[in-house]
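In: can't give you the sequence, but here's the structure:
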């Protein structure tokens with residue numbers, strides 16, 4: 001009977017270890033879930049702009065050194081070149 005008691009005892013110890021691992025896994029899973037939920041909330045409410053800011057396209061300035069915003073040039077190239085000649 002003594003050997004039967006050892007089997008029951010070792011079985012209980014194994015179940016206790018399994019419960020400890022399960023509790024740890026559950027705690028880690030809960031922590032990860034909370035972190036992901038917080039991250040989602042920050043992303044959801046973090047930006048007040050409906051669309052993220054886009055970088056303005058730049059281009060080499062014709063006839064001089066440096067860069068200028070492309071939309072300004074494309075809006076009126078004639079005005080750009082007129083102002084470039086007036087400055088020289």
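Out: In hand now; what should we look at? Being a predicted model, the structure only gives us computed values, none of them experimental.

In: Tell me, how many residues neighbour residue 57?
Out: Residues near residue 57, counting by other C-beta atoms under 10 Å, number 9. Using the backbone N, CA and C atoms, a C-beta is placed for each residue, glycine as well.

In: okay but it is in contact with residue 72, surely?
Out: No. Using C-beta atoms under 8 Å, residue 57 is not in contact with residue 72, being 10.3 Å away.

In: what's near enough to touch residue 73?
Out: The contact partners of residue 73, taken as C-beta atoms under 8 Å, 6 or more residues apart in numbering, are 59, 62, 80.

In: Which among those residues count as buried?
Out: Buried members of those, counted by 16 or more other C-beta atoms under 10 Å: residue 80.

In: CSV for the contacts of residue 73, including pLDDT?
Out: As requested, those are exported to CSV (pLDDT from 0 to 100):
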residue, pLDDT
59, 93
62, 89
80, 90
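
In: out of the contacts of residue 73, which are inside strands?
Out: Counted as lying in strands by DSSP state E, out of the contacts of residue 73, are residue 59.

In: Now render the contacts of residue 73 as TSV, adding distance to residue 27.
Out: As requested, these are exported to TSV (distance: C-beta to C-beta, whole Å):
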residue	distance to residue 27
59	56
62	64
80	64
